[in-house]
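Asker: quick one: sequence plus predicted model below, questions after.
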Amino acid sequence: MDNTKIRGRDGRISRRDFMNTAAAALAAVTIVPRHVLGGARYKAPSEKLNIAGVGVGGMGQNNVRACETENIVALCDVDTNYAAGVFKKYPKARTWVDYREMLDEQKDIDAVIVATPDHTHAVVAMEAMRRGKHVYVQKPLTRSVYEARMLTEAARKYKVATQMGNQGQSCDEVRMLCEWIEDGAIGDVTEVHCWTDRPVWPQGIDRPQETPPVPDGLNWDLWVGPSPMRPYHPAYLPFNWRAWIDFGAGALGDMGCHVMNGAFWALKLKYPDSVEASHSYDVREMWKRFDNKQTYPRAEVVHYQFPARAGMPPVKLHWYDGGILPQRPEDLETGRRVPDNGSIFVGTKGKILTGTYGENLRIFPETKMRAYKRPPARIPRIKNGMAGHEQDWIRACKGGPAASSNFDYSGPFTETVVMGNLAVLNPGKKLLWDGAKMKVTNDEQANAFVKPAFREGWSL
């Protein structure tokens, strides 16, 4: 500091002049570009993100709406007619058909929402992460085990904020479930039953033979993406793609990332030791198992076996869909309704019943619930719960704590969920699983669906 410029006629420095000059000097030192303080990808909490949405005609428009606190700068959909209403809602956003062109040409994007059909989640998210973009990907994270592993590793490599769209992970109730299990509310959990009322779309059907023209506004080649090419048919989109093995993950992929989430988190699960399944027959030929390899069956039961871990005993997890339910426990009150989607945790000292996302969490019979003294909250709650799931990701993008369903959590979780489809496609077999190597150890043929082949021109 040059004191000669602030001295009075008597040669002394006035207190006021000294304080003003010192404050200016301090400001000059402390005003530093934010990228120097927090790294090139750091965003101050007060600074808005520039967000792009890919696959915005369906569920993606809800994810985009939940991010309206930020700048919606780009919208991409291979079906411009289906997405027209969303394009119109955000007139300042640039619109695209090909996400690759969007990522190459639009340089102002900070973060990307991926809400395309399951078979293109991995390729879109990977391209975004390679460019340093934060990503929010709808559930299931991917259609296959291999794709989930690749996205998990990529998120670590590129150091981006991630979140899977299983919004129940942000619920208070799923945190309460974890706290109750840890507290020993029902003793050691040895078995879990999870079920859904899905599918609510056609499954167990043959591939259509008609070849109608591709509708105006739909880029069919891009929609098929990395999957094997086939003629367009309305049986696949905009919604029923979930049924088709080449495009979706069936009822298990759709709802497993919701219903099984409480078990995966509370019981500290990771890779199962084995999985086996049975499923419905082809109604046209009742003496034959459904094996057309085109769609998932109408109904299925999957059994996972997990090893002991973190002081917890081995546990069996059973999955039911297509209207099949586990046997009603004898100690569940006669008048209590079992939800359409839910879980039952079986412990050595009692049982817990929950809904889809962990809601309506209760120990039963009710006498045990009334006698239980709930432990204090230990796990931080997410602001606004389920409704705050996207904002939880946005806070992470801006340098806050990792989002509740970041890929370090949701990647291994998705691997377990979609691995059930390995058993569904190989009914009646007990598949032994080496999770670290992503390999079925006793049936080489079953490994084909661990890493499905990509169409020429597509890769991770």
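Answerer: Yes, it's here.
Asker: using the three-state scheme, assign residue 303.
Answerer: Of the three states, residue 303 takes strand under DSSP: H, G, I helix; E, B strand; the rest coil.
Asker: state the pLDDT value of it.
Answerer: Note on residue 303: pLDDT of 98.
Asker: repeat that for residue 204.
Answerer: pLDDT at residue 204 comes out at 89.
Asker: which non-adjacent residue is nearest it?
Answerer: In space, residue 204 comes closest to residue 298 once its chain neighbours are excluded; the distance is 4.1 Å by Cβ to Cβ, 6 or more residues apart in numbering. C-beta coordinates here come from the backbone N, C-alpha and C atoms, glycine included.
Asker: and residue 123, by the same measure?
Answerer: What sits nearest to residue 123 in space, not counting adjacent residues and going by Cβ to Cβ, 6+ apart, is residue 226, at 5.7 Å.
Asker: distance of that neighbour from residue 436?
Answerer: 25 Å (Cβ to Cβ, to the nearest Å).
Asker: which one's more surrounded, the two?
Answerer: With neighbours defined as other Cβ atoms under 10 Å, residue 226 and residue 436 compare such that residue 226 has more, 20 against 8.
Asker: my guess is the more buried one is in a helix, correct?
Answerer: No: going by three-state DSSP, the assignment for residue 226 is coil, not a helix.
Asker: circling back: check contacts around the residue nearest to residue 123.
Answerer: Applying Cβ atoms under 8 Å, 6 or more residues apart in numbering to residue 226 gives the contacts 119, 120, 123, 454, 455, 458, 459.
Asker: let's see that with 6 Å instead.
Answerer: By Cβ atoms under 6 Å, 6 or more residues apart in numbering, residue 226 lies in contact with 123, 454, 455, 458.
Asker: who wins for neighbours among those residues?
Answerer: Going by other Cβ under 10 Å, residue 123 tops the contacts of residue 226 with 21 neighbours.
Asker: tell me the pLDDT at that residue?
Answerer: Residue 123 is given a pLDDT of 98.
Asker: what helix or strand is it located in?
Answerer: In the assignment (DSSP states H and E), residue 123 maps to helix 121-130.
Asker: what's the offset of that helix from the middle of its chain?
Answerer: Using Cα atoms, centre = their mean, to the nearest Å, the mean C-alpha position of helix 121-130 is found 14 Å from that of the whole chain.
Asker: just checking, residue 154 touches residue 128?
Answerer: No: using Cβ atoms under 6 Å, residue 154 makes no contact with residue 128, being 9.7 Å away.
Asker: looking at those two, which is more packed in?
Answerer: residue 128 (27 against 21).
Asker: show me what contacts the more buried one?
Answerer: Neighbouring residues of residue 128 by Cβ under 6 Å, 6+ apart: 112, 135.
Asker: just residue 96 next, same as before
Answerer: Neighbour list for residue 96: 76, 102 [criterion: Cβ under 6 Å, 6+ apart].
Asker: in this protein, which helix or strand is least confident?
Answerer: helix 34-38 (a mean of 33; mean pLDDT, DSSP states H and E).
Asker: could I get the average pLDDT for stretch 355-365?
Answerer: 95.
Asker: between the two ends of that stretch, how far is it?
Answerer: 16 Å (Cα to Cα, to the nearest Å).
Asker: what's the closest non-adjacent residue to the residue nearest the centre of the chain?
Answerer: Centroid-nearest residue in the chain: residue 164, 2.7 Å away (criterion: Cα atoms, centre = their mean). Distances taken as Cβ to Cβ, 6+ apart place residue 410 nearest to residue 164, at 3.6 Å, with adjacent residues excluded.
Asker: what of residue 340?
Answerer: Nearest residue to residue 340, sequence neighbours excluded (Cβ to Cβ, 6+ apart): residue 197, at 4.2 Å.
Asker: what's the burial count for the one you found?
Answerer: 16.
Asker: and the helices in the stretch 201-350 of the chain?
Answerer: Here the stretch 201-350 of the chain has its helices, by DSSP state H, counting those that start in this stretch, at 220-224, 250-259, 261-266.
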